[in-house]
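S.K.: Quick one, fold the following:
(one chain, ligands or ions: 2)
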Amino acid sequence: MTHPYAIDADTLSGMKPLRKVVFALGANLGDRLDNLQSALDELSNTPDVIVVDVSPVYETEAIGGPEDNPDFLNAVVVAETTQPPRTLIERAHAIESAYGRNREEPNGPRTLDVDVIVVGNVRQETDPTLPHPRAHQRAFVLVPWAAVDPLGEIPGHGRIVELLEDMDASGVRKTDLTLEVE
Ligand SMILES: Nc1ncnc2c1ncn2[C@@H]1O[C@H](COP(=O)(O)OP(=O)(O)OP(=O)(O)O)[C@@H](O)[C@H]1O
Ligand SMILES: Nc1nc2c(c(=O)[nH]1)N=C(CO)CN2
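M.R.: Ligands and ions are numbered 1, 2, ... in the order given. Here you go, the predicted model:
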C-alpha cells in the first residue's frame, strides 16, 4: 500500500534545493548608502529569494584600484533561495546596471557591486565562480558576514571566523548606518 503522504518520483525530481546564498554589496561612488539600500530592496524583491539577515554597514579602505580610490561602504546579505547560481548572478548584474555601475576599470570606483559569495555547498568554475574566488581573502566581505552569521563557512576554505584570525581587518570599520529590510 502507498503511504498516504508518499511523494511520487515526478514531484521529487521537480523539486529545487533550498540553499543559503550570501551576497556582498559594495559602493564607493555617489550616495553609497542609498545604493546599498537599493540593492537590498531589489534582492528582497527577487522571486524565490528570502532575505534572512543583513549585516551592519562598514566603511572600508579600498583594496586595489587607483591610488585615490575612495573608501567603500560594504555590507553582506544572507538569504535562502531555490534559484540556481546562474539566475542569481544575472540578477546581481541587472541590479548593478540599474544603479549606474560601469565596468570600465578593474577594481575601480563603482556606484554598486553585487557579488555572489556562496550558494550552499556549490563549487563550480563556470560563471558565477563559486565560491567567489577572492572572498576568502577579503576582510570587507568576511567581517560583515561574520557579524550576522558567525558559523558561516566558505566551501573549500573553512569557517569565516577562522579565516579572519589570519587577516588584517584594520581597514574595515563598523558604522552606525543601517540597511532596512522591506
Ligand atoms: N561569484 C561571483 N560573483 C560575482 N561576479 C562573478 C562571480 N563569479 C564570476 N563573476 C564574474 O566576474 C566578472 C567581473 O565581475 P566584476 O566586474 O563585479 O568584478 P570586480 O567587482 O571588479 O572584481 P571582483 O570580482 O574581484 O569583485 C563578471 O563577469 C562576473 O560575472
Ligand atoms: N574596500 C573594498 N575594496 C574593494 C571592493 C570593496 O567592495 N570594498 N571591491 C573590489 C572589487 O569588487 C575591490 N576592492
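S.K.: give me the low-pLDDT residue ranges for this structure?
M.R.: Scanning the chain for pLDDT under 70 picks out 1-2, 101-104.
S.K.: And the helices in it, which stretches?
M.R.: Counting by DSSP state H, the chain has helices at residues 9-13, 32-44, 85-98, 139-148, 160-165.
S.K.: Name the nearest residue to the spatially most central residue of the chain, ignoring sequence neighbours.
M.R.: Residue closest to the mean C-alpha point of the chain, counted by CA atoms, centre = their mean, is F23 at 1.0 Å. Distances taken as CB to CB, 6 or more residues apart in numbering place V77 nearest to F23, at 4.5 Å, with adjacent residues excluded. Backbone N, C-alpha and C define where each C-beta goes, glycine included.
S.K.: Contacts only, for the residue nearest to L33 when sequence neighbours are not counted.
M.R.: Distances taken as CB to CB, 6+ apart put L177 closest to L33, at 5.5 Å, once the chain neighbours are dropped. The contact partners of L177, taken as CB atoms under 8 Å, 6 or more residues apart in numbering, are L33, P56, V57, L73.
S.K.: again, but for V116
M.R.: V116 sits next to V21, V22, F23, P85, L88, I89, A92, P128, L130, H132 when contact means CB under 8 Å, 6+ apart.
S.K.: Could you export stretch 4-21 as CSV, keeping only the C-alpha atoms?
M.R.: Extracted in CSV, the C-alpha atoms of stretch 4-21 (Å, rounded to 0.1, in the frame of the first residue of the first chain):
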residue,chain,number,x,y,z
PRO,A,4,-0.7,8.4,2.4
TYR,A,5,2.0,11.1,2.4
ALA,A,6,4.3,9.4,-0.2
ILE,A,7,5.8,11.9,-2.7
ASP,A,8,5.8,10.5,-6.2
ALA,A,9,9.1,10.4,-8.3
ASP,A,10,7.9,13.2,-10.7
THR,A,11,7.2,15.6,-7.8
LEU,A,12,10.5,14.8,-6.2
SER,A,13,12.5,15.3,-9.4
GLY,A,14,10.9,18.7,-9.9
MET,A,15,11.9,20.0,-6.5
LYS,A,16,14.7,22.5,-6.4
PRO,A,17,17.1,22.5,-3.4
LEU,A,18,16.7,25.3,-0.9
ARG,A,19,20.1,26.8,-0.3
LYS,A,20,21.8,29.6,1.6
VAL,A,21,23.1,32.4,-0.6
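S.K.: That concludes my questions; thank you for your assistance.
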